[in-house]
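S.K.: sequence and predicted model, in that order:
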Amino acid sequence: MHNYTTWLHIGLGSFHRAHQAWYLHQLRQSGDTRWHIAAGNIRDDAEATIEALRSQNGEYMLETVSPAGERNYEVIQSIQTLLAWQPDLKPLINEGAKASTKVIAFTVTEAGYYLKTDHSLDVTNPILIGDLNGGHATIYGAVIKILQARMDDHAGPVTLLSCDNVRHNGERFRDGLLECLTLQGNADLLAWVRANTTCPNTMVDRITPRPMPDLPARVKAQTGMDDRAPVMGETFIQWVIEDNFIANRPKFENVGVEMVESVIPYEEAKIRILNASHSCIAWAGTLLSKAFIHESTLIDAIYNVAHNYVHHDVIPCLGDNGINLHAYLETVLERFTNPYIKDTNQRVAADGLSKIPAMITPTMIECYQRGMTPHATAMLPALFFVFMQQWHKGELPYEYQDSMLDESAMHTMFDAADPIQVYTQNAALFGELATQAEFATLIRDKISIVNEMIA
């Protein structure tokens, strides 16, 4: 039974099950059954899914759908160990401490890294403070507990793999982890981590909405399978990984994963072209009373904002990086028009306070450095300002989710004599641009255009 190698995944959500688990499944289907996934969570907000999967021996149906409406169904069987959540995370820690576990992967939101704009840890965050004092509510705290157990048990080296949309995610996680250990004064584990772990950068891509209520019935009708935890995503899938594993790794290159020396060109294209325009479309679509990404993208005014942002500002900033960026832009916007995905503006609009500094501000700064005014990119923070103004007034059609949101501070900003001035001077959002009068004027102009657009 134990002649396998374990890929431990923390954060058993829809994206992991539609993306990384799919690739591991393809590997197993090809005859390479050396790897299997063990998965669990550091919070107890998905135990219903874990229970459903456990009742199905870890198996579930993945439905994929193309922009033309072609649906495909595949039973995914790569998740073979489901770890129940406990307050002390013991099942997760014990699995991660086994010598047979060679990769510990995780999916974290931008906010889950607890980073300031200079990429150092936000050590004022109360949740992070709790982990610095021995807690495990963040990915850092949880991984530290696992690695401590690995060191104590002499379980050997392990690769720590970020599978999310954060730029330079492996480096960011490693820096945060080492900073946590330094602040904890845990010199022994700090030295062990430096010698026994690597943190490759990755770029992941497959649009995976929250499963709609009608999915189980459709799966049953199409396949005959009674599935209490199906997932769905678009047909498109991509995974680019820096080939920097300290221990054994799956032969991912055999199933279409791009194992590369540097992820940076792919990462920059994905984050700036796909992720930033996705958020832009969600904010704009919400302001124009649309519920879904596809219907928002099909509005000419919104499509043009996203297209102009990439065409005029992003592509000149990225330069010739070996990727056909114009073709990538057209592919991305076509994917967004997929009416069968039913991806909600609410899901994609979330966490704007992390996305602006991570995904949008770098392009504006680089435009200025190139002697260009970022007219097209400035529309994105302008949209977010008007979007949050609606939130302030209680006029958004849904609850806005943002782990970085300080509600009282946001209300105070909009109650100020000149909210735009307060907004543009926010260094957490705009870095060095926050002190520039030219930038403030630009955003003020673009907010006027947004208000005209939604009037």
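M.R.: Noted; the coordinates are in hand. Numbers count the residues shown, from 1 in each chain.

S.K.: surely His25 touches Ser78?
M.R.: Yes - the pair His25 and Ser78 passes the contact test of C-beta atoms under 8 Å, sitting 4.1 Å apart. For every residue, glycine as well, the C-beta is placed using N, CA and C.

S.K.: neighbour count for these two, which is higher?
M.R.: Legend: neighbour count by other C-beta atoms under 10 Å for His25 and Ser78, higher for Ser78 (24 against 21).

S.K.: and for Gly224, the neighbour number?
M.R.: Neighbours of Gly224 (other C-beta under 10 Å): 7.

S.K.: that one and Asn345: what is the separation?
M.R.: To Asn345, Gly224 is 34 Å away according to C-beta to C-beta, to the nearest Å.

S.K.: go on, Gly112?
M.R.: Distance of Gly112 to Asn345, given as C-beta to C-beta: 22 Å.

S.K.: out of those two, which sits in the busier spot?
M.R.: Taking neighbours as other C-beta under 10 Å, Gly112 and Asn345 compare with Asn345 leading, 27 against 22.

S.K.: how about the contacts made by the nearest residue to that one once chain neighbours are set aside?
M.R.: Nearest residue to Asn345 in three dimensions, chain neighbours excluded: Ala282, at 4.3 Å (C-beta to C-beta, 6 or more residues apart in numbering). Residues counted as contacts of Ala282 (C-beta atoms under 8 Å, 6 or more residues apart in numbering) are Ile293, Ser296, Asn345, Gln346, Arg347, Val348, Ala349.

S.K.: in the stretch 301-450 of the chain, which spans are helices?
M.R.: Under the criterion DSSP state H, counting those that start in this stretch, the stretch 301-450 of the chain contains helices at 315-318, 325-336, 345-349, 352-355, 361-369, 375-392, 407-415, 419-424, 427-430, 437-454.

S.K.: now render these as JSON lines, adding mean pLDDT.
M.R.: Converted to JSON lines, these look like this (pLDDT from 0 to 100):
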{"stretch": "helix 315-318", "mean pLDDT": "96"}
{"stretch": "helix 325-336", "mean pLDDT": "96"}
{"stretch": "helix 345-349", "mean pLDDT": "97"}
{"stretch": "helix 352-355", "mean pLDDT": "95"}
{"stretch": "helix 361-369", "mean pLDDT": "97"}
{"stretch": "helix 375-392", "mean pLDDT": "98"}
{"stretch": "helix 407-415", "mean pLDDT": "98"}
{"stretch": "helix 419-424", "mean pLDDT": "98"}
{"stretch": "helix 427-430", "mean pLDDT": "96"}
{"stretch": "helix 437-454", "mean pLDDT": "98"}
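
S.K.: circling back: next one: the residue nearest to Asn345 from Leu333, what distance?
M.R.: For Ala282, the distance to Leu333 - C-beta to C-beta - is 14 Å.

S.K.: how is the chain divided into domains?
M.R.: Annotated domains of the chain cover 5-260, 264-454 [automatic domain parsing].

S.K.: before we move on, the earlier item: any chance of CSV for the contacts of Ala282, columns distance to Ile237?
M.R.: Shown next, in CSV, are the contacts of Ala282 (distance: C-beta to C-beta, whole Å):
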residue, distance to Ile237
Ile293, 18
Ser296, 23
Asn345, 23
Gln346, 24
Arg347, 18
Val348, 18
Ala349, 23
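
S.K.: between those, which is closest to Ile449?
M.R.: Nearest to Ile449 among the contacts of Ala282 is Ser296, at 17.3 Å by C-beta to C-beta.

S.K.: quick check: which element contains that closest one?
M.R.: Assigned by DSSP states H and E, Ser296 belongs to helix 293-297.

S.K.: distance between that helix and the chain's centre?
M.R.: 20 Å (C-alpha atoms, centre = their mean, to the nearest Å).

S.K.: mean confidence score for it?
M.R.: For helix 293-297, the mean per-residue pLDDT is 98.

S.K.: who touches it?
M.R.: The contact list for helix 293-297, computed with C-beta under 8 Å, 6+ apart, reads 278, 281-282, 284-286, 288, 290, 302-303, 306, 333, 336-339, 341-345, 348.

S.K.: next one: stretch 223-233
M.R.: Taking contacts as C-beta under 8 Å, 6+ apart, the residues outside stretch 223-233 that touch it are 14, 17-19, 49, 52-53, 55-56, 60-65, 73, 75, 206-209, 211-212, 215-216, 219-220, 341.

S.K.: got the buried residues for that stretch?
M.R.: Within stretch 223-233, the residues scored as buried using 16 or more other C-beta atoms under 10 Å are Asp227, Ala229, Pro230, Val231, Met232, Gly233.

S.K.: burial count for the residue nearest to the second one when sequence neighbours are not counted?
M.R.: Looking back up the chat, that one is Ala229. Distances taken as C-beta to C-beta, 6+ apart place Ala52 nearest to Ala229, at 4.0 Å, with adjacent residues excluded. For Ala52, the count of nearby residues is 16 (other C-beta under 10 Å).

S.K.: so how far is Met232 from Ala52?
M.R.: Per C-beta to C-beta, Ala52 is found 15 Å from Met232.

S.K.: now the end-to-end length of stretch 209-223.
M.R.: Using C-alpha to C-alpha, to the nearest Å, one end of stretch 209-223 lies 21 Å from the other.

S.K.: got the buried residues for it?
M.R.: Buried residues in stretch 209-223, counting neighbours by 16+ other C-beta under 10 Å, are found at Pro209, Pro211, Leu215, Pro216, Arg218, Val219.

S.K.: equivalent analysis for stretch 444-455, please.
M.R.: Across stretch 444-455, burial judged by 16+ other C-beta under 10 Å covers Arg444, Lys446, Ile447, Val450, Met453.

S.K.: could you find the closest non-adjacent residue to the second one?
M.R.: If I follow you right, that is Lys446. Ala382 (3.6 Å).

S.K.: one more: Ala349?
M.R.: Closest residue in space to Ala349, ignoring its immediate chain neighbours: Ala282 at 3.9 Å, by C-beta to C-beta, 6+ apart.
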